[in-house]
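Q: let me see the structure of the following:
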Amino acid sequence: MNSSHLNQTPASPLQMPLSRRSLLGLIGLGAATAGMMTLTGCSSGGSSAAGSDTETQFTSWILGDDKQGPQIKQLLDSFGQSKSVTVSTNTYPYQQYMDQIVLKARNRDITGVAHIDEEWLSTLATAGVLQSVDGIFDSSKYSSAVNDSGVYKGTRYGMPWAYSAIGLVGNSEVLKEAGVDPNALTTPEGFLDALRAIKRADSSIVPYAPCTNVKQVKDIIPWMWAFGSSIVDGDQVTLGDDGSVKALDFWKQLLDEGLIQAGTLREETRTLFAQGKAAIYDDAPQAIGVIPKQSPDSGIADKMVPVARPGGDSLSWSQPVVLFDTGKASSQLAEFLSTDDGALQTAFEVSGQPPALENATQQPWIAQSAFYQRWNQETLPHARRNPLWAFPSASAAQTRLNEEVEAALSGAKSASAAMATAKDDLQGLLQG
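A: Numbers count the residues shown, from 1 in each chain. Purely as a prediction, here's the structure:
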């Protein structure tokens, strides 16, 4: 939703059988997380909070934003007036968000509806604080890709709200000057040749800027798919296979040739792109609302184009709403936010949030944006669910993968050794 948080790594994992490396990774996460692990115990069922017909609460980190928060509160007030429902609001900083809502929900200090990053869904479901939304979810309103989101172990806990894909964004002017066709980069070899051409054309430009900081390395997942790795197949982690090792070796080659940079976070890659210092980077479509505000180039919005990704697949980006109680007011609010055309338009205009509802993607308020139109035609149809979302704590699984990818990129380990370790640790987390 808030475009500054499209790919931040959520806070800590909960209630996991811990490998040695996972335990070491948790030691520095602080007393709050340790407290949550005690609170959550082994619960796996939803809480029985009854809720209310006339009162509910909405929790989101965006409510703390000075510009976006007041507009979302106006939307909530409008809903409340139309349904004779009182909606209170609640917010926590993004980096502490998951920790806080798990603690509050376990202590019955939070009710109603919450906006989450889907990476947190399995942790919340495992903690036993969420309610099923099967009663208000209508699968006919969503594409098959969206229908795969918001579900953990066969139960739908997430009502799709914001949904799109993290794909490649390019600067068409820079690409043209280097002789690169943004629609032709469909193989790793072709992509590598294009990056080298960009580097030859202007050595001051970073040809490609994925997130490479240990806190944010999920951009590598589509590359593993492109090289043939499934990452997870059923109940088996497949890391360490040829595809995952080749993908990591490929990234290391890009780093060694100066075609990508080490240690970059999403905000930093956006800055590079906005300043005209990166030709291609990974982002969700909200990029069209973020980059122009940071750029000295007044025409950069017209130069931003989706770029073909080798292998074709893009990583799903999903932020559903979830329920902490079974009250009528909460169910109505969740349904309103995720299916009402006016509500979806408001969220889009406030923050560029792409609606999950399929027919909303064709509405004039999106179709009038050439960038969103191209994105929805070329990138969104290839969105693919992050395989780590199936883990009891997707956040813990992503952290372990990030650490091993970073170890290989830094040269501390070979790609094969890093992926072998990741496989062992993630298999333990998956079976937990």
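
Q: quick one: mean pLDDT for whichever strand or helix holds residue 268?
A: Taking DSSP states H and E as the criterion, the element that holds residue 268 is helix 266-274. If you average the pLDDT over helix 266-274, you get 97.

Q: just the CA trace of it, in PDB.
A: Provided in PDB are the C-alpha atoms of helix 266-274 (Å, rounded to 0.1, in the frame of the first residue of the first chain):
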ATOM      1  CA  ARG A 266      14.600  -0.800  -2.500                       C
ATOM      2  CA  GLU A 267      14.700   2.900  -1.500                       C
ATOM      3  CA  GLU A 268      18.300   3.100  -2.700                       C
ATOM      4  CA  THR A 269      17.600   1.400  -6.000                       C
ATOM      5  CA  ARG A 270      14.700   3.800  -6.500                       C
ATOM      6  CA  THR A 271      17.000   6.800  -5.900                       C
ATOM      7  CA  LEU A 272      19.500   5.500  -8.400                       C
ATOM      8  CA  PHE A 273      16.800   5.100 -11.000                       C
ATOM      9  CA  ALA A 274      15.200   8.400 -10.300                       C
END
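
Q: okay, now the sheet partners of the helix or strand following it, with direction.
A: Beyond helix 266-274 in the direction of the C-terminus, DSSP H and E gives the next helix or strand as strand 278-283. Within its sheet, strand 278-283 is paired with strand 159-171 (antiparallel), strand 206-209 (parallel), according to DSSP bridges.

Q: mind giving me the domain ranges of this structure?
A: 3-162+319-383, 165-315+389-431 (automatic domain parsing).

Q: averaged pLDDT, the longest one. What do you get?
A: When pLDDT is averaged along domain 3-162+319-383, the result is 82.

Q: what's the spacing between the closest residue in space to residue 261 that isn't next to it in sequence and residue 389?
A: On the basis of CB to CB, 6 or more residues apart in numbering, the spatially nearest residue to residue 261 that is not a chain neighbour turns out to be residue 206, at 5.6 Å. The way it works is simple: take the backbone N, C-alpha and C, and place the C-beta from them, glycine included. Taken as CB to CB, to the nearest Å, the spacing of residue 206 relative to residue 389 amounts to 30 Å.

Q: and residue 270, by the same measure?
A: Here the criterion is CB to CB. By it, residue 270 lies 24 Å from residue 389.

Q: check residue 73 too.
A: Shown here: residue 73 relative to residue 389, a distance of 30 Å by CB to CB.

Q: neighbour-wise, which of these two wins?
A: Summary of the neighbour comparison: residue 73 and residue 389, criterion other CB atoms under 10 Å, with residue 389 having more neighbours (22 against 14).
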